[in-house]
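[1] Build me a model from this:
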Amino acid sequence: MKNDQLVLIEHTGETNVHTDKKLLKNIIINLLGNAIKFSDDGATIDVKSKVEGSEATITIADKGLGISKEDQEHL
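    Model (predicted):
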């Protein structure tokens, strides 16, 4: 992490989810790593997860520049 960066984590719902642990771990590491890398010193990165029934949602939000519209088409 960079100087004074803060990662805030919020979770609602059940704490256990049936998923591919290795794949989910790699996805979260990649998204969080990019958020840290492309956010300024002192930035806050929000990690939110929610489990409702059989569905889990994970959101990682930062204040970085983001991905250009042209590059978004390739994701």
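[2] Distance-wise, check residue 74 relative to residue 2.
    As judged by Cβ to Cβ, to the nearest Å, residue 74 and residue 2 stand 27 Å apart. Where C-beta positions appear, they are placed from N, C-alpha and C, glycine not excepted.
[3] for residue 62, same thing?
    Remark: distance between residue 62 and residue 2 (Cβ to Cβ) = 11 Å.
[4] overlap in contacts of the two?
    Shared contacts of residue 62 and residue 2, defined by Cβ atoms under 8 Å, 6 or more residues apart in numbering, comprise 36, 39, 43.
[5] Please name the residues that touch the last one.
    Right, the one you point to is residue 43. Counting by Cβ under 8 Å, 6+ apart, the residues that residue 43 touches are 2, 5-6, 62-64.
[6] try 10 Å
    Shown in contact with residue 43 (Cβ atoms under 10 Å, 6 or more residues apart in numbering): 1-7, 35-36, 62-64.
[7] ok, how many other residues are close to residue 35?
    Residues within reach of residue 35, counting by other Cβ atoms under 10 Å, total 20.
[8] What are the neighbouring residues in contact with it?
    If you count contacts by Cβ under 10 Å, 6+ apart, residue 35 has them with 5, 7, 43, 45-47, 60-64.
[9] Sticking with it, tell me its helix or strand.
    Secondary structure from DSSP states H and E places residue 35 in helix 21-37.
[10] and that helix, how far from the chain's centre?
    7 Å (Cα atoms, centre = their mean, to the nearest Å).
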